[in-house]
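In: turn this into a model:
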Amino acid sequence: MFAKITQARIQELESLQRQKADLQERIQAKKDEMTKIRDGMESEGTAMLMCLNPWTWRSTACRRKCWR
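Out: Numbers count the residues shown, from 1 in each chain. Model prediction:
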């Protein structure tokens, strides 16, 4: 009985680890996408508009680029 419970917990943990890895990949993909968009905006001279969005302004990289 104890072995079944332990095995079930191990499987649950492995499943959660796979979900975490998947989410981390998706987050990194979104970050890469935003970086690509921001770099494109900078080349067009519109990066300052990103700072109007409080979520992007909180990012240190955005503040560094927009307020130098």
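In: just the buried residues of stretch 31-40, please?
Out: Across stretch 31-40, burial judged by 16 or more other C-beta atoms under 10 Å covers Arg38. Where C-beta positions appear, they are placed from N, C-alpha and C, glycine not excepted.
In: so that it lines up with my notes, have the first residue be 15 from now on.
Out: Yes, from this point I'll number from 15; that puts the last item at stretch 45-54.
In: element containing Gln21, please.
Out: Using DSSP states H and E, Gln21 maps to helix 16-58.
In: tell me which strands and helices that helix is in contact with?
Out: Applying 3 or more C-beta pairs under 8 Å, 6 or more residues apart in numbering; DSSP states H and E, we find helix 16-58 packed against helix 74-80.
In: could I get the average pLDDT for the helix it packs on?
Out: The pLDDT scores in helix 74-80 average 55.
In: one more: stretch 31-50?
Out: The pLDDT scores in stretch 31-50 average 94.
In: just the CA trace of that stretch, in CSV.
Out: Extracted in CSV, the C-alpha atoms of stretch 31-50 (Å, rounded to 0.1, in the frame of the first residue of the first chain):
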residue,chain,number,x,y,z
GLN,A,31,8.0,19.1,-13.1
ARG,A,32,7.0,18.6,-16.8
GLN,A,33,4.3,21.3,-16.4
LYS,A,34,6.8,23.7,-14.8
ALA,A,35,9.3,23.1,-17.6
ASP,A,36,6.6,23.7,-20.2
LEU,A,37,5.5,26.9,-18.5
GLN,A,38,9.1,28.2,-18.2
GLU,A,39,9.6,27.5,-22.0
ARG,A,40,6.4,29.4,-22.8
ILE,A,41,7.5,32.3,-20.5
GLN,A,42,10.9,32.5,-22.2
ALA,A,43,9.3,32.4,-25.6
LYS,A,44,7.1,35.4,-24.6
LYS,A,45,10.1,37.3,-23.2
ASP,A,46,12.0,36.6,-26.5
GLU,A,47,9.0,37.8,-28.5
MET,A,48,8.7,41.0,-26.4
THR,A,49,12.4,41.6,-26.8
LYS,A,50,12.2,41.3,-30.5
